[in-house]
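Colleague: Structure, please.
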Amino acid sequence: MGPAPLTRHGVNQYRDGQGSLSASRLARRDLLQICVKSGLDLVRLCIEIFAAASAIWAAAQEPPLVSGLTLVDPFLQDARLSPILRLAEKVVTGSAVAWTRFYYPSLYKAAKPADFAQYLRDMLASLREPGRMAALKGAPTGQERCRARIPELRVPVRIVMGTRDPDFPDPVAAARDGEALIGQYTKTSLELIDGAGHYPHAELPGVTAAAILPFLADVVSA
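Modeller: Below you'll find the predicted structure:
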C-alpha cells in the first residue's frame, strides 16, 4: 500500500509546461505510471473525489493492470449548481485563505484529525505557491471524458460515501445513483459512512477501513 502522488498536487512541483494538460489527464497518466512502476501484477486503486474519474479511465485503458477500484465520495455526474453557488465556488477557488479557512474545514462533518490545524497551515502555504490555485481550479476538468469509459469497466468497484458530504445536495442518493450507473457494467457495491462528510477516510478512518479492507481482500483472493 502506498500514496498516489499526482502531478501539480501535494508536494509535487507545479510546472507551467503542464498547463495544456487537463487535471484528469495528468492524474490518469500518473495512476498508470504508478501501476506499472509498482512491480505488481495487479494493482487495487483506492481513489477519492475528482481523481475517481481518472481511476475509471486507468482501469478501462489498461485492464490487465488494475484488479479493483474503491471510489471514495466520487463525483460520477456533473454537479448542477445554482447561480449563487457558482459565485461562491468562484470566490472560494480564487483565494487560498478562503479555501483553507472557510470552505475546506466545512467538508469535515465528523471528527477532524488531531493534526488538522497544522495540516491547514501547510495547505495554505502550498496554495500560495505559484500555480497551485490554478491546479486546484483545474481539478474538475476532463471529468466527462473519463466517466464516458464507465461502460468499459470489468473490475469490481466499491463506492464509499459519507452520508453528510456537503458537496452533494443528497450524498446518499448520489452514491446510490453511482452504484446503479456503474453496476450496469460490472460488479459494484456501496458502503455508506454514517455521519461522515467529504473525507470519511480522514474523519472516521477505522469505520472507513472496515468498509474497504474486506472488499480489497475479496479482490485479492478472486
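
Colleague: For Gly19, give me the pLDDT.
Modeller: As predicted, Gly19 sits at a pLDDT of 43.

Colleague: quick thing: my sequence starts at 217, can you match it?
Modeller: Right, with 217 as the first residue, what we last looked at is Gly235.

Colleague: which residues touch Ala268?
Modeller: Counting by CB atoms under 8 Å, 6 or more residues apart in numbering, Ala268 touches 287-288, 290-292. All C-beta spots, glycine's among them, are computed from the backbone N, C-alpha and C.

Colleague: element containing it, please.
Modeller: Ala268 is part of helix 267-277 when elements are defined by DSSP states H and E.

Colleague: now the longest helix belonging to the chain: mean pLDDT?
Modeller: Criterion DSSP state H: the longest helix present in the chain is helix 421-437. Averaged over helix 421-437, pLDDT sits at 91.

Colleague: and that helix, C-alpha only, in CSV?
Modeller: Output in CSV follows, covering the C-alpha atoms of helix 421-437 (Å, rounded to 0.1, in the frame of the first residue of the first chain):
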residue,chain,number,x,y,z
PRO,A,421,-10.6,6.1,9.5
GLY,A,422,-11.5,3.0,11.4
VAL,A,423,-15.0,2.8,10.0
THR,A,424,-13.8,3.6,6.5
ALA,A,425,-11.1,1.0,6.7
ALA,A,426,-13.7,-1.6,7.7
ALA,A,427,-15.7,-0.6,4.6
ILE,A,428,-12.8,-1.0,2.3
LEU,A,429,-10.5,-3.8,3.5
PRO,A,430,-12.9,-6.7,3.1
PHE,A,431,-13.5,-5.6,-0.5
LEU,A,432,-9.8,-5.5,-1.2
ALA,A,433,-9.4,-8.9,0.4
ASP,A,434,-12.1,-10.3,-1.9
VAL,A,435,-10.4,-8.7,-4.9
VAL,A,436,-7.1,-10.2,-4.0
SER,A,437,-8.5,-13.7,-3.4
